[in-house]
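>>> One predicted model, sequence on top.
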Amino acid sequence: MIQSPDNDKLKTIRKLAKKRWRDKLGLFAAEGEDLVAAGWEPEFVLRAGVDVEPELLDAVSTLGSGTRVIGVYEQRWAEPSGDLSVWLGGVEDPGNVGTIIRAVHALADGRVILGPGCADPWSPKAVRASMGSIFARPPARGEPKGNLIALSAHGERSLDEVQLDPPLVLCLGAERAGLPEQLERDAVRIEVRNESLNVAMAASIALWEAARRMPPHG
């Protein structure tokens, strides 16, 4: 059992709290029994009271309440695919990125495609927010291609007024900065009574609407 904070595995977990080390090592950490159970083959797993003294695992945890298990995994990026996907541009909150990955897994057959300026999907907050969906549906990177439907609070038309044909990519931007100009010009809106929807809520509603209305592809 690990009894020293200088153990190499504990040092690795501490490093993975920082993006520069996640990028350098190509790894990320997942905390909690549900996430570890959902994961692919880990590089290693540490369990409190089994592999490591509990207080040492708590010391490297990013959860305020500590944790009983941490797994370290290789990052896996996918290629864009599927009849219904989401493209994100400049979404900086990792909790929103992780939540949208979870929503896509629940409602669509595609991926979350990350554009410029997005939060790291392998950060602790994004991985937790995905609730294991990041393992089942790893994200992709790139520009949106296909039948694009851009969503904006300032869109002239409503989402329920447009044709939704696969392969469809729903495009969303940061809540303040919005979408790139070429996407913003043709954006549609979700009908709400105020502008209280954050980007993860908007993505989830649009995914449900698209999944409900889209005709089968082919």
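Arrived safely, thanks for sending.

>>> Nearest residue to Ser61 in space, ignoring adjacent ones along the chain?
The shortest distance from Ser61 to any non-neighbouring residue, by CB to CB, 6 or more residues apart in numbering, is to Thr67 (4.4 Å). (C-beta placed from N, C-alpha, C; glycine too.)

>>> The one you found is in what secondary structure piece?
Secondary structure assignment for Thr67, by DSSP states H and E: no helix or strand.

>>> That one and Val199, how far apart?
Distance of Thr67 to Val199, given as CB to CB, to the nearest Å: 28 Å.

>>> again, but for Glu181
Separation of Glu181 from Val199 (CB to CB) stands at 18 Å.

>>> So for these two, which residue has more residues nearby?
A direct count of neighbours by other CB atoms under 10 Å for Glu181 and Val199 places Val199 higher, at 22 against 7.

>>> For the more buried one, what are phi and psi?
phi -70, psi -30 (degrees, to the nearest 10).

>>> Next up, the contacts around it.
Contacts here follow CB atoms under 8 Å, 6 or more residues apart in numbering; on that basis Val199 touches 88, 91, 93, 96, 100, 172-175.

>>> Tell me how many other residues crowd Ser4.
Ser4 has 9 neighbours, counted by other CB under 10 Å.

>>> Who are the contact partners of it?
Leu56.

>>> sec struct for it, please.
Remark: Ser4 carries the secondary structure label coil [criterion: DSSP: H, G, I helix; E, B strand; the rest coil].

>>> That one and Trp122, how far apart?
Here Ser4 is placed at a distance of 27 Å from Trp122 (CB to CB).

>>> go on, Ala37?
Look at Ala37 and Trp122: by CB to CB, they are 18 Å apart.

>>> ok, now Lys145?
Separation of Lys145 from Trp122 (CB to CB) stands at 24 Å.

>>> do the same with Asp160
Distance of Asp160 to Trp122, given as CB to CB: 35 Å.

>>> Between the two, which has more neighbouring residues?
The neighbour comparison of Asp160 against Trp122 (other CB under 10 Å) goes to Trp122, with 26 against 11.

>>> Tell me, what's the model's pLDDT at that one?
Trp122 carries a pLDDT score of 98 in this model.

>>> does it count as helix, strand or coil?
With three-state DSSP as the criterion, Trp122 reads coil.

>>> Same check on the one 4 residues further on?
Look at Ala126: counting by three-state DSSP, its state is helix.

>>> still on that earlier bit, phi first, then psi, for the residue nearest to Ser61.
The phi/psi pair for Thr67 (degrees, to the nearest 10) reads phi -150, psi 160.

>>> ok now do it, which residues does it touch?
Counting by CB under 8 Å, 6+ apart, Thr67 touches 31-32, 48, 57-58, 61.

>>> same thing with Pro138?
Pro138 makes contacts with 76-78, 111, as judged by CB under 8 Å, 6+ apart.

>>> Neighbour count for those residues - can I get that in a markdown table?
Formatted as a markdown table, the contacts of Pro138 follow (neighbours: other CB atoms under 10 Å):
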| residue | neighbour count |
| --- | --- |
| Arg76 | 13 |
| Trp77 | 14 |
| Ala78 | 15 |
| Arg111 | 26 |
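
>>> now those residues in TSV, with pLDDT and distance to Leu164?
As requested, the contacts of Pro138 are exported to TSV (pLDDT from 0 to 100; distance: CB to CB, whole Å):
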residue	pLDDT	distance to Leu164
Arg76	98	29
Trp77	98	27
Ala78	97	23
Arg111	97	18
